[in-house]
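Chemist: curious how this folds, go ahead:
(one chain, ligands or ions: 2)
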Amino acid sequence: MAKHSLDKDKIKILLLEGVHQSAVDVLERAGYTNIEYHKASLGEEALIASIKDAHFVGLRSRTQLSETVLSQADKLVGIGCFCIGTNQVNLKVAEKLGIPVFNAPFSNTRSVAELVLGEIIMLLRGIPQRNAMAHRGGWLKSASGSFEARGKTLGVIGYGHIGTQLGILAETLGMRVIFFDIEDKLPLGNAQQIHSMQELIALADVVSLHVPETPQTKEMIGEAELAYMKKGSILINASRGTVVDIDALASVLEADKIAGAAIDVFPVEPKSNDDEFISPLRGLDNVILTPHVGGSTQEAQENIGIEVAGKLAKYSDNGSTMTAVNFPEVSLAQHKDTSRLLHIHHNQPGVLIQINQAFAEKGINIAAQYLQTTNEIGYVVMEVDSDQAEEALEQMKTIDGTIRTRLLHSH
Ligand SMILES: NC(=O)c1ccc[n+]([C@@H]2O[C@H](COP(=O)([O-])OP(=O)(O)OC[C@H]3O[C@@H](n4cnc5c(N)ncnc54)[C@H](O)[C@@H]3O)[C@@H](O)[C@H]2O)c1
Ligand SMILES: O=C(O)[C@H](O)COP(=O)(O)O
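Modeler: Ligands and ions are numbered 1, 2, ... in the order given. Model (predicted):
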């Protein structure tokens, strides 16, 4: 088991937004007991106060790790997003500070795909409005505006983990699947890639969005795109709230240009379950509104907890950064009988040579060495004899371009 330059019980882990107990269990089993656990997200001021002395932070989609917050997180060495999206973290700033960000790229994929599939069936049948009427004492028994999913065309925008999974499930219902993606993607089943988003929107009976939040996807579905949608078609957004111009969507729904929508994510979401949800879509019977629960199932949350906590523990124990989203990826096994030194530096020429020279001059024997870089930073991992580790660490700290260093002993 690894021993750190800092004892494990001194390593503070801040967990926010009620991440699953499985995360706590994994961390505790790995020896990390100094855990500050919050059921909700924290506002900026409280977050800064809590993150100031934290070495790791775990969050979901609500917590904003902005430049302001990160610049105050003096001790932070790793970030875990216990979800898929990482847009809530300023990844560039984290990278420059030498802090890897981990997420759970597919632990909630199935949960989102299942929810969307259910919504497709409900919306094609006009169930949301019949349900709303029944709650008000109405009785809308009619086949008008009710359709089977079989034979209809599902247009997936963003054919990644969720988009592909949804496509497969939809085909089992007999739907025809077409997709638009900025990358050329291998179509699964009988799906067909369409290279124009406008064409896809015009062909689809159901348009479902599964893109990440990026500058390019911001309001990618606006007035013009909504106008291409078939009369009587359906829009589903379980990706990010910024992807759809919500006022434009409200207008086409009010004008009955499309038959309905299911929206799980919003440009502005309540900060906690106690805050009011405000949206122009409230009160529209043909819209399924859900409070960003696409990935909120027991199965997904438990798996995410295990996956992300495992990645944080592995980085802390061994320096392994595999699957980090903003950081050079280095896969490292446990180290035995040596100490491991982690050196994160600005990606500039000559850093490795400087380290090797400094070690050679001091007679420090290098047992193993790994280097990976991104455009911005380099990540060197060295294994040295344990009795030379402290001296090696001091040498590393003097290297020009150093952002941060860590020492992991083994015993
Ligand atoms: N509602 C929820 O609770 C919930 C749960 C999980 C994920 N999500 C959101 O869903 C998103 C998608 O998840 P995923 O796991 O499928 O991600 P993914 O990275 O596997 O897939 C995203 C796909 O979108 C494509 N893409 C990117 N930019 C595009 C653009 N401008 N136009 C068209 N395609 C584009 C990518 O090439 C990729 O194929 C996540 O980024 C997250 O924001 C929401
Ligand atoms: O990015 C994700 O995985 C989803 O948006 C889920 O986010 P959540 O953990 O806040 O529910």
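Chemist: what is the burial count for Val252?
Modeler: 16 (other C-beta atoms under 10 Å). (C-beta placed from N, C-alpha, C; glycine too.)
Chemist: wait, it sits on Met229?
Modeler: Yes: contact criterion C-beta atoms under 8 Å: Val252 and Met229 qualify, at 7.4 Å.
Chemist: common neighbours of those two, please.
Modeler: By the contact definition C-beta atoms under 8 Å, 6 or more residues apart in numbering, Val252 and Met229 are jointly contacted by Ile258.
Chemist: sec struct for the one residue in the stretch 251-400 of the chain that gets nearest to ligand 2, please.
Modeler: With C-beta to the nearest ligand atom as the measure, the residue in the stretch 251-400 of the chain that lies nearest ligand 2 is Gly295; the distance is 3.9 Å. Judged by DSSP: H, G, I helix; E, B strand; the rest coil, the three-state class of Gly295 is coil.
Chemist: could you verify that Ile403 is part of a strand?
Modeler: Yes: with the criterion set as three-state DSSP, the secondary structure at Ile403 is a strand.
Chemist: the stretch 151-300 of the chain: helices as residue ranges?
Modeler: Secondary structure of the stretch 151-300 of the chain by DSSP state H, counting those that start in this stretch: the helices cover 161-172, 197-203, 223-228, 246-254, 298-318.
Chemist: as a markdown table, these with distance to Ala358 and mean pLDDT would be great.
Modeler: Written out in a markdown table, the entries for the helices of the stretch 151-300 of the chain read as follows (distance: least, C-beta to C-beta, whole Å; pLDDT from 0 to 100):
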| stretch | distance to Ala358 | mean pLDDT |
| --- | --- | --- |
| helix 161-172 | 44 | 98 |
| helix 197-203 | 54 | 98 |
| helix 223-228 | 57 | 98 |
| helix 246-254 | 56 | 98 |
| helix 298-318 | 24 | 97 |
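Chemist: check the nearest residue to Lys231 once chain neighbours are set aside and give its pLDDT.
Modeler: In space, Lys231 comes closest to Lys257 once its chain neighbours are excluded; the distance is 6.3 Å by C-beta to C-beta, 6 or more residues apart in numbering. What the model reports for Lys257 is a pLDDT of 97.
Chemist: cool, and the one 3 residues further on?
Modeler: Predicted confidence (pLDDT) at Gly260: the value is 98.
Chemist: that one against Ile236, yeah?
Modeler: No: counting by C-beta under 8 Å, Gly260 stays clear of Ile236, with 9.3 Å between them.
Chemist: name the residues contacting each of these two.
Modeler: With C-beta under 8 Å, 6+ apart applied, the overlap between the contact sets of Gly260 and Ile236 consists of Leu123.
Chemist: nearest to ligand 1: which residue in this structure?
Modeler: For the chain and ligand 1, the shortest gap (C-beta to the nearest ligand atom) falls at Gly160, measuring 1.7 Å.
Chemist: am I right that Ala134 sits in a strand?
Modeler: No: counting by three-state DSSP, Ala134 is not found in a strand; it is helix.
Chemist: chain neighbours aside, what residue packs nearest to it?
Modeler: The spatial neighbour of Ala134 that comes closest, neighbours along the chain excluded (C-beta to C-beta, 6+ apart), is Leu140 at 7.6 Å.
Chemist: now swap in Ile377 and tell me
Modeler: By the measure of C-beta to C-beta, 6+ apart, the closest residue to Ile377 outside its immediate chain neighbours is Asn347, 5.4 Å from it.
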